[in-house]
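Colleague: Build me a model from this:
(2 chains)
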Amino acid sequence: MSADGQGTRHWFDDDAGPVVRPYAMTRGRTTHAAQHRLDLIAVVVAEPHADDPEADPTLSPEHVDIVELCRKAPQSVAELAAELDLPIGVVRVLVGDLVDGAFVHVNRPVPPAELPDENILRDVINGLRAL
Amino acid sequence: MILGRSERGKPPVEPVTLKILVAGGFGVGKTTLVGAVSEIRPLRTEETLTEAGRPVDDTSGVEGKHTTTVAMDFGRITLREDLVLYLFGTPGQERFWFMWDELSEGALGAVVLADTRRLEDCFAAVDYFERRGIPFVVGVNCFEGAARYPVDDVRRALDLDDGVPLMMCDARERASVKDVLIGVVEHAMARSADRRQTVTT
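Modeller: From the prediction side, this is the model:
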């Protein structure tokens, strides 16, 4: 924002980005110690018996949104970012918080070294053919 | 038995997820290809503007802006309730190449899309996947009005290894894109079979 307060017409247009800067939602954190570098296709699953996230004062609205989306169906990190229109880095940090709070758990994708499992690949080929 | 949505109280199915990358030069049809087989949703990630971006990104009027949005093509194909394939288009601009490393980690394979009018645009992608040993196929997107060349000529022009499949395709056609993706998976499978053989013998 302009320092002199004169450039009002420059304010709040889409090009300036969201009104709340993305990393404000993470309180400035860009990584999460426990969930460092979550893969884009890691799947976030809501814990069925977790407490109501809305009742937890330490969680932000974005945390709650993530839990609610994952309750409907498990979601990949990439999908959460797309759905909530948040940068992936932000989603990673927020998911890390939710793992700490036992609201969700994360299924990491099959490690590359163990890929490709032939049976899975055959299923993928058959699935693609059937589309 | 009818297989439907998970019953009440039953824990949700936690799917196995796989990813295939779609690379190639600017305007070669990556977005079209992803869109042809998937429900497409925008995916963005915020990155810090770098010195390298300064001459390119006009930030006048938003001088307070220190980050830029990197858009990525992103698609999802649900093959089965418990098996989901994701497609990621790799960002074309060279200065976003640092994102490739992250994207390519754990990738099943890749499609390098090529346009015969600008073959050189895909050299970098071919080189990238070759160096990292990621299985890939080259899809030559057959644009209307572009001259068609024999497969062998294109192979030679790209200096492709014999093992790398090259397929003619139309990024707009679902059936054609499906064939390319099947090509990637088959190639990945053949590669892993080879590797297993070398390990056991």
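Colleague: Only C-alpha atoms from now on, for both contacts and neighbour counts.
Modeller: Noted.
Colleague: near chain B at all, the helix or strand residue A:125 falls within?
Modeller: For residue A:125, the host element (DSSP states H and E) is helix A:118-130. Yes. Helix A:118-130 lies within reach of chain B by Cα under 8 Å from any Cα of the partner chain, at A:118, A:121, A:124-125, A:127-129.
Colleague: Return the set of buried residues in that helix.
Modeller: A:121-122, A:124-125, A:127-128 (16 or more other Cα atoms under 10 Å in any protein chain shown).
Colleague: buried stuff in stretch B:105-112?
Modeller: So, applying 16+ other Cα under 10 Å, buried residues of stretch B:105-112: B:106-112.
Colleague: I misspoke; the intended subject was stretch B:162-170.
Modeller: Quick answer for stretch B:162-170 (16+ other Cα under 10 Å): B:165-170.
Colleague: ok, back up a step: if we look at the helix holding residue A:125, which residues are touching it?
Modeller: B:79-80, B:83, B:85, B:178, B:181-182, B:185-186, B:189 (Cα atoms under 8 Å, 6 or more residues apart in numbering or on different chains).
Colleague: Quick one: mean pLDDT over stretch B:73-84.
Modeller: The average pLDDT within stretch B:73-84 is 90.
Colleague: quick one: low-confidence ranges for chain B?
Modeller: In the predicted model of chain B, residues B:1-11, B:39-71, B:92-96, B:201 satisfy pLDDT under 70.
Colleague: Tell me which stretches of it form helices.
Modeller: Taking DSSP state H as the test, the helices found in chain B are B:30-37, B:98-104, B:123-132, B:151-158, B:174-200.
Colleague: which strand of chain B spans the most residues?
Modeller: strand B:16-24 (DSSP state E).
Colleague: Could you check how many residues crowd around residue A:85?
Modeller: Counted by other Cα atoms under 10 Å in any protein chain shown, the residues lying close to residue A:85 total 15.
Colleague: what pairs with the residue nearest in space to the middle of chain B across the strands?
Modeller: When Cα atoms, centre = their mean is applied to chain B, the residue found nearest the centroid is residue B:22 (1.3 Å). Counting by DSSP bridges, residue B:22 is bridged to residue B:89, residue B:111.
Colleague: Was I right to think residue B:168 contacts residue B:143?
Modeller: No. Using Cα atoms under 8 Å, residue B:168 makes no contact with residue B:143, being 10.4 Å away.
Colleague: Could you pull up the residues touching residue B:84?
Modeller: For residue B:84, counting by Cα under 8 Å, 6+ apart, the contacting residues are B:15-18, B:76-78.
Colleague: mind putting the buried residues of helix A:118-130 in TSV, pLDDT included?
Modeller: Below are the buried residues of helix A:118-130 laid out as TSV (pLDDT from 0 to 100):
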residue	pLDDT
A:121	91
A:122	93
A:124	94
A:125	95
A:127	95
A:128	95
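Colleague: Test my guess that the residue nearest to the centre of chain B contacts residue B:30.
Modeller: Yes. Between residue B:22 and residue B:30 there is a contact at 6.3 Å, judged by Cα under 8 Å.
Colleague: shared neighbours, these two?
Modeller: Joint contacts of residue B:22 and residue B:30 (Cα under 8 Å, 6+ apart) are B:89, B:113.
Colleague: Residue ranges in chain A under the pLDDT threshold?
Modeller: For chain A, the ranges with pLDDT under 70 are A:1-19, A:34-36, A:111-116.
Colleague: now the strands: where do they sit in it?
Modeller: Under DSSP E, chain A gives strands at A:43-46, A:75-76, A:104-107.
Colleague: The last one packs against which elements?
Modeller: So the one you mean is strand A:104-107. The elements that strand A:104-107 packs onto, with contact taken as 3 or more Cα pairs under 8 Å, 6 or more residues apart in numbering or on different chains; DSSP states H and E, are strand A:43-46, helix A:88-100.
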